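Participant: everything below, folded, please.
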Amino acid sequence: MLTHSYHFSLQHRVEARNPGRMLGSQIFCHVSFPVRCFVHGVHLWKWLACGLRNVGHVRKGLHTSRALFSGRVTPIFSRALAFGDKIAIIDQNGEHTYRDLYAQSVRLSQQICAVLNCSSRDLKEERISFLCPNDASYVIAQWASWMSGGVAVPLYRKHPLQELEYFIHDSLSSLVIAAEEYVRNITPTAEKLGIPVLPLLKCGVSGCTSDKAVEEVPLATDCPEWKNRGAMIIYTSGTTGRPKGVLSTHQNVQAVVTGLVDKWEWTEEDVILHVLPLHHLHGVINKLLCPLWVGATCVMFPEFSAQMVWEKFLNPTPPRINVFMAVPTIYSKLMEHYDKHFSQPHVQDSIHATCRDNIRLMVSGSAALPVPVLERWKNITGHTLLERYGMTEIGMALSNPLHGVRIPGSVGTPLPGVEVCIATESLREEGPSYIIHAQGDERDTKVTPGLDGKEGELFVRGPTVFREYWNRPEETKEAFTPDGWFKTGDTAVYKEGTYWIRGRTSVDIIKSGGYKISALEVERHLLAHPSIVDVAVIGPPDMTWGQRVSAVVKLKAGETLSLEELRNWARESMALYTMPTELFLVEQIPRNQMGKVNKKQLLKHFYPT
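Facilitator: Numbering: from 1, shown residues only. Sure thing, here's the model as predicted:
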């Protein structure tokens, strides 16, 4: 078995200051621990030594979320030793067992505490930013941050340095961990902020520690401190404003993970293909922490490649992929590759049979899934994509069923532990209040008589909901109702026994001539046009109607389309007031890594005044 481990060194001297605590005037130049000498220091961690567990008797109980850890909050790394030599990660460097990941995380956590002069081995929620590729180093940096008592702040390698500086500075990070290939670029930024950089270097060492040594490591299975302790800060995508740091606790993380493990029936036999960035909830929770929670295997690509994904789908060599999750844009690119390279009928039949028989679950999220994409993907693979709804602040909240009918365009019903309601806020003398249209949980949804099918803002509460916007107490307060509902800012409706998201209230709900028009619904209709590849609908101001419906469209190569032709085509399926009154043809619609369009920027581009 090919394995890789990591060692760490601090290669420069820097003045290191952290708000509220002096770290010391100088950071020593070089820290290095032998790969086999990490275990002896673990018992010094007060909150890690809350209880020894005989890991040899645990593994059989860890294949579901409720079998062993129900009611207790424990970080995911504390489960790793129960899976021992099972393969956790397969990446461009080789295979990594759960034991490998744990051992290397412990070693890095010691280095973190040494660099930050933290003799207590508990950073008490100091922030640790880390910049790693999509491979095992990400998990090691994340787990080590948690083992050190820190809050993990993942950075994304494709963000410009100015953005990275903003995230590091805004989070008040005490340290930046950087994979070897990113050290040169990030060091000047860190030095500017007075923050040390801890390089994470790859080296080819097989076997990190003895079985006996690992089994003697205490696991934090009963520590009460974990519940409300900060786990990670993930920054919002910034599609409706400056990115905000969303601070989630270990309880929040565990609640999201166990809810998905339960509803999507994760087991340690699963093998998921991971192609998404790791600075958003979708990539971090759904595709990485869920499989690691149950002892499954995660195959990580450094970045998305349609060719490589298809090759992996069709490759019979174990471990064989049986779970896949992506954003709508990726499914569109996979279909483009399919059309170019798999034109022969017998090849298409083979692909359909292979995907249908070997893959148990395919999920789409992070952006609205166009119905034409869903239908075409079903024709190609035999899979009806499972649509779900979540956001950085609430984790995953709604999901279509794993078994049963999935209604195209809907996002299903609440996940375990999640409460939702659809409401309209109203102003009263005693202050703002709200009228509930529908309210539900995993078991049932009740509709207020007379308000059936009425749109409103989606509210969410429960253990998955974040603790705070980092360093933004007023914005945190404004984001919640007095009785604890988080206001998502999304317009939703409950009908036909399921929830539907109409879009962001601020940019996706167009108010024109007294009508409220869902830009997402208009987009879904327009994507059925045979010449349209991609579309974004915006609502610029209009002196007569309030707002008007404008469509920004990317056409298939060689196609043409006029506004008149589009409106004539749309008459068959769209109400007159929802049809676009403006058409902009573009070569490409800008989307972020998760497939989202920044519609405020799009409006500024086409309407600069």
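
Participant: ends of stretch 227-246, what's the gap?
Facilitator: End-to-end distance for stretch 227-246: 17 Å, by C-alpha to C-alpha, to the nearest Å.

Participant: please apply the same query to stretch 511-524.
Facilitator: 18 Å.

Participant: same question for stretch 128-144.
Facilitator: Distance between the two ends of stretch 128-144: 10 Å, counting by C-alpha to C-alpha.

Participant: need the helices for the stretch 101-250 of the chain, in chain order.
Facilitator: 136-147, 161-170, 183-193, 211-215, 250-263 (DSSP state H, counting those that start in this stretch).

Participant: nearest to Val176, out of the ones you listed?
Facilitator: Checking these against Val176 by C-beta to C-beta gives helix 183-193 as the closest, at 4.8 Å. (C-beta placed from N, C-alpha, C; glycine too.)

Participant: could you give the angle of the closest one to helix 161-170?
Facilitator: Angle of helix 183-193 versus helix 161-170, following axes from the mean of the first three to the mean of the last three C-alpha atoms, to 10 degrees, is 50 degrees.

Participant: in helix 183-193, what's buried?
Facilitator: 183, 186-187, 189-190, 193 (16 or more other C-beta atoms under 10 Å).

Participant: what about the closest residue to Gly412 other than its chain neighbours, distance to Leu415?
Facilitator: Once flanking residues are discounted, Gly412 sits nearest to Asn400: 3.8 Å by C-beta to C-beta, 6 or more residues apart in numbering. According to C-beta to C-beta, to the nearest Å, Asn400 and Leu415 sit 11 Å apart.

Participant: between the two, point out the one with more neighbours.
Facilitator: Leu415 (27 against 24; other C-beta atoms under 10 Å).

Participant: next, count neighbours for the residue nearest to that one when sequence neighbours are not counted.
Facilitator: Nearest non-adjacent residue to Leu415, counting by C-beta to C-beta, 6+ apart: Gly259, 4.3 Å away. The local packing of Gly259 (other C-beta under 10 Å) involves 25 other residues.

Participant: Gly259 against Ala397, yeah?
Facilitator: No: Gly259 lies out of contact with Ala397 (C-beta atoms under 8 Å); the separation is 9.1 Å.

Participant: list the residues that contact both of those two?
Facilitator: Common neighbours of Gly259 and Ala397 (criterion: C-beta atoms under 8 Å, 6 or more residues apart in numbering): 415, 418, 464.

Participant: residues touching the second one, list them.
Facilitator: Going by C-beta under 8 Å, 6+ apart, Val418 touches 259, 394, 396-398, 441-442, 460, 462, 464.

Participant: residue ranges with poor pLDDT in the stretch 201-350 of the chain?
Facilitator: Scanning the stretch 201-350 of the chain for pLDDT under 70 picks out 203-224, 238-241.

Participant: can you show me the strands along it?
Facilitator: For the stretch 201-350 of the chain, the strands defined by DSSP state E, counting those that start in this stretch cover 230-235, 245-249, 271-274, 297-300, 323-326.

Participant: can you list contacts of the next helix or strand after the third one?
Facilitator: To tie it back to what came earlier, the one meant is strand 271-274. Using DSSP states H and E, the helix or strand that follows strand 271-274 in sequence is helix 281. Residues outside helix 281 that contact it (C-beta under 8 Å, 6+ apart): 234, 256, 390-392, 395-396.

Participant: quick check, nearest of those to Thr97?
Facilitator: Nearest to Thr97 among the contacts of helix 281: Val256, at 25.1 Å, using C-beta to C-beta.

Participant: list the contacts of the closest residue to that closest one other than its chain neighbours.
Facilitator: Distance criterion C-beta to C-beta, 6+ apart; nearest residue to Val256, sequence neighbours excluded, is Gly395 at 3.4 Å. Under the criterion of C-beta under 8 Å, 6+ apart, the neighbours of Gly395 are 248, 252-253, 255-256, 259, 281, 285, 464-465.

Participant: does Val535 belong to a helix, a strand or coil?
Facilitator: Classification of Val535 using DSSP: H, G, I helix; E, B strand; the rest coil returns strand.

Participant: might one say that Glu393 is in contact with Val246?
Facilitator: Yes: judged on C-beta under 8 Å, Glu393 makes contact with Val246 at a distance of 5.4 Å.
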